[in-house]
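Q: Dropping a prediction and its sequence here:
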Amino acid sequence: MRFDIVMPKLGESVTEGTVARWLKEVGDPIARDESVLEITTDKIDTDVPAIEGGILSEILVTEGTTVDVGDRLGIITTEGEEVIVATGETDGRMTDEAGPPEKDTPPAQDPMHIERSSNGRSSQGRFYSPLVRRIAREEHIDLLELDTIHGSGRNGRVTKKDLLAHLKQRTGTAVSSPVDTTPVFDQAFTRTYGPDDADIVTMDGIRKTIAEHMVRSKRISPHVTSVSEVDMTKIVRHREQVKEAFLKNEGFKLTLTPFFISAIVDALKAHPIMNASLDGDKIIMWKHVNFGMAVGLEKGVIVPVISKAEGMDFVGLARAAYDLAKRAHERRLLPDELQGGTFTLTNPGMWGTLFGTPVINQPEVGIIATGAVKKKWEVMEDETMAIRSTMFMSMSYDHRLIDGLNAARFTQSVTQNLEMFDFDQIGL
């Protein structure tokens, strides 16, 4: 039997992806669930596993080609089936002389209606990507009109650019695109260079997205950063006492991260203005704390989200943080798990950084960075000297909404939650 390898649906917000690298060559044996190729999107990189074991008999899409969700990428042939290795030149999508397998004739479609859940094809068999269909719905373009648009994409496919040009010609005015994915760079690079001066590397999708997001955040939000010093002595000592028992019970190490998350989540519940977003002149007060935690990968930083963190206890937060971080490094996160955050934590201290001035993760209004925990001599209230474990905690906030007083009260709550942590909630 022959099984298609298709571009998977990686979340509601992802409509296409780029084939980054084939992990197998034509003729290679493949086990069920073994990774066959790498896909990159503007949000995440991930592997595509084989749905069945067999032989990779055809590669239909070459590396660097962008495809829509559901597009065929390759073919796996199981044992007992004759394997014919496809060869020849390709411009990205390899030709299939025999054509796709015949399908039953679809039922007649209403020419004035474009289904959200359709397979992307009109009654004439023409394919339209999810993005093109969405723009068409929003602009009240029916399938009959779509079929009249000349497509500049591969095999005559109508692209977003084709559709927007058609709308501009039809209405006589420019139509703004609902999705703006163009990276923003404030200053052109003016220095001359050549191959003798430098190696030139093209940004991948994730790095482009990070670059655009960072510049956009600094443009949107007037950033202010405040720094506090936190006495972590009690937490450090308690963690040392219970870390072996925690590892035995939970199967993963107890780090400082869940302590940070728990303290910040409790402070967000007490100061809901920090768990908000701005939409023009409207303040959106989120009902749930969807907690973002920055995870550093080789290609850049991503921010998976712990949804409804306000309803979790300490162990639940620790499990969620461990699971998201683990799957982030294994490239098994879904794009939907990288969305909807209401506040973010980044922990550069794990790499020895004392403190930083983090950039707000839009559309949130605050982000906390925790620094390295260091031992130092400190003068206590009774004027005695003691060695304490301390760290710097910095918070950047959006000064359009958050005043210095709001920020000070919030960071004071986080500090108190850490310095007077309720260890009973750990259960050890």
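A: Cool, the structure landed.
Q: which is the next helix or strand following the helix or strand of the chain with the lowest mean pLDDT?
A: Ranked by mean pLDDT, DSSP states H and E, the weakest helix or strand in the chain is helix 130-138, scoring a mean of 74. Moving toward the C-terminus from helix 130-138, the next helix or strand (DSSP states H and E) is helix 143-146.
Q: angle of whichever helix or strand comes after that following helix against helix 130-138?
A: Sequence-wise, the next helix or strand downstream of helix 143-146 (DSSP H and E) is helix 160-171. Relative orientation of helix 160-171 versus helix 130-138 (axes from the mean of the first three to the mean of the last three Cα atoms, to 10 degrees): 20 degrees.
Q: Low-confidence ranges, the stretch 251-400 of the chain, go.
A: For the stretch 251-400 of the chain, no stretch is flagged by pLDDT under 70.
Q: ok, which stretches of it are strands?
A: With DSSP state E, counting those that start in this stretch as the definition, the stretch 251-400 of the chain shows strands at residue ranges 276-279, 282-285, 291-293, 295-297, 300-302, 305-306, 343-346, 366-370, 374-379, 385-398.
Q: Need those in TSV (columns: mean neighbour count).
A: All C-beta atoms are positioned from the backbone trio N, CA, C, and that covers glycine. Output for the strands of the stretch 251-400 of the chain, formatted as TSV (neighbours: other Cβ atoms under 10 Å):
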stretch	mean neighbour count
strand 276-279	16
strand 282-285	11
strand 291-293	26
strand 295-297	17
strand 300-302	17
strand 305-306	24
strand 343-346	24
strand 366-370	26
strand 374-379	11
strand 385-398	19
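Q: Relative to His213, which of those is closest?
A: His213 lies closest, by Cβ to Cβ, to one member of those: strand 300-302, at 10.3 Å.
Q: That closest one: partners in the sheet, and parallel or antiparallel?
A: Neighbouring strands of strand 300-302 in its sheet, by DSSP bridges, are strand 295-297 (antiparallel).
Q: now what about the strand it pairs with, what contacts it?
A: By Cβ atoms under 8 Å, 6 or more residues apart in numbering, the residues outside strand 295-297 that reach it are 301-304, 324-325, 328-329.
Q: ok, now with 7 Å
A: 301-302, 304, 325, 328-329 (Cβ atoms under 7 Å, 6 or more residues apart in numbering).
Q: repeat for stretch 329-340
A: So stretch 329-340 is contacted by 10-14, 41, 43-47, 290, 297, 302-305, 307, 324, 327 (Cβ under 7 Å, 6+ apart).
Q: about what we covered before: which other helices and strands does the least confident helix or strand of the chain contact?
A: Contact partners of helix 130-138 among helices and strands, from 3 or more Cβ pairs under 7 Å, 6 or more residues apart in numbering; DSSP states H and E: helix 160-171.
Q: again, 10 Å this time
A: strand 66-68, helix 143-146, helix 160-171 (3 or more Cβ pairs under 10 Å, 6 or more residues apart in numbering; DSSP states H and E).
Q: Lys218: which of these is closest?
A: helix 160-171 (27.4 Å).
Q: what comes up buried for the closest one?
A: Using 16 or more other Cβ atoms under 10 Å as the test for burial, helix 160-171 gives 160, 162-167.
Q: Just the closest of those residues to Leu256, please.
A: Nearest to Leu256 out of the buried residues of helix 160-171 is Lys160 (Cβ to Cβ; 44.9 Å).
Q: Could you look up the SS state of Thr415?
A: When classified by DSSP: H, G, I helix; E, B strand; the rest coil, Thr415 comes out as helix.
Q: Which pLDDT value does the model give it?
A: The model reports Thr415 with a pLDDT of 98.
Q: Go ahead and confirm it touches Ala263.
A: Yes. In this structure Thr415 lies within contact range of Ala263 using Cβ atoms under 10 Å: 8.3 Å.
Q: just the helices in the stretch 151-300 of the chain please.
A: Along the stretch 151-300 of the chain, counting by DSSP state H, counting those that start in this stretch, helices occupy 160-171, 205-220, 233-250, 257-270.
Q: Specify which member of the contacts of strand 295-297 is nearest to Lys248.
A: Closest approach between the contacts of strand 295-297 and Lys248, by Cβ to Cβ: Ala325, at 20.2 Å.
Q: Okay, and the beta partners of the closest residue to the closest one other than its chain neighbours?
A: Leaving aside its sequence neighbours, Ala325 sits nearest to Val295 (Cβ to Cβ, 6 or more residues apart in numbering; 5.3 Å). Applying DSSP bridges to Val295 yields these beta-bridge partners: Ile302.
Q: count of neighbours near the closest residue to Lys161 other than its chain neighbours?
A: Spatial nearest neighbour of Lys161, chain neighbours left out: Ser152 (7.1 Å); criterion: Cβ to Cβ, 6+ apart. When counting by other Cβ atoms under 10 Å, one arrives at 12 neighbours for Ser152.
Q: now do the one 4 residues further on
A: Counted with other Cβ under 10 Å, residues neighbouring Gly156 total 12.
Q: what's the pLDDT at it?
A: Looking at Gly156, the pLDDT reads 72.
Q: That one touches His150, doesn't it?
A: Yes. Contact between Gly156 and His150 holds when scored by Cβ under 10 Å: they sit 7.7 Å apart.
Q: Common neighbours of those two, please.
A: The overlap between the contact sets of Gly156 and His150 (Cβ atoms under 10 Å, 6 or more residues apart in numbering) consists of Asp162.
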